[in-house]
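Trainee: Sequence plus the predicted model coming up.
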Amino acid sequence: QVQLVESGGGLVQAGGSLTLTCAASGGSFGSTYMAWFRQAPGKERDFVAAINWIADSPWYAESAKGRFTIARNNAKRTGYLHMYSLKPEDTAVYYCAAGSGDRVALQASYNYWGQGTQVTVSS
């Protein structure tokens, strides 16, 4: 059974930066994409970014373009979300996910999920 564990969340001031890490362990991975979603209090879980493990092709939500960078290290089975110029509206629990569905922005495309890591951006 594949497990995903996020780390790197925390409290940061607006304009600051954070890097989230998603480490995969156990089982045969077999997933094509790794993605990050986030869920703010009282809101739905939204797509942030995704990357193809092999082709290294990234996709970004409009809110992430130009400020966030998704990356992966296949040898370490680890994914990253580098976040820059953070805003208070980026405050949320961030989840990493892995799967093989082609519609990378949909939660249904992913069958493995981490437990989430809290990111809080103060103004």
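Mentor: Good, I have the coordinates.

Trainee: going forward, measure contacts between C-alpha atoms and count neighbours the same way
Mentor: OK.

Trainee: what's near enough to touch the residue positioned nearest the centre of the chain?
Mentor: For the chain, the residue whose C-alpha lies nearest the mean C-alpha position (C-alpha atoms, centre = their mean) is Trp36; its distance is 2.2 Å. When contacts are counted by C-alpha atoms under 8 Å, 6 or more residues apart in numbering, Trp36 touches 47-50, 81, 94-97.

Trainee: Skip the chain neighbours and tell me the closest residue to the residue of the chain most remote from its centre.
Mentor: Distance from the C-alpha centroid of the chain peaks at Ser123, with 22.6 Å (C-alpha atoms, centre = their mean). Closest residue to Ser123 apart from its sequence neighbours, by C-alpha to C-alpha, 6 or more residues apart in numbering: Ala14 at 5.3 Å.

Trainee: pLDDT score assigned to the residue farthest from the centre of the chain?
Mentor: With respect to pLDDT, Ser123 scores 94.

Trainee: How about Ala23?
Mentor: At Ala23, pLDDT is 95.

Trainee: Pretty sure Ala24 is one of the things Arg77 touches, is it not?
Mentor: Yes: using C-alpha atoms under 8 Å, Arg77 is in contact with Ala24, at 5.5 Å.

Trainee: who has more neighbours, the two?
Mentor: Ala24 (22 against 14; other C-alpha atoms under 10 Å).

Trainee: Given the host helix or strand of that one, what are its sheet partners and their directions?
Mentor: Using DSSP states H and E, Ala24 sits in strand 18-25. Sheet partners assigned to strand 18-25 using DSSP bridges are listed as strand 3-7 (antiparallel), strand 78-83 (antiparallel).

Trainee: Before I go, just wanted to say thanks for your time.
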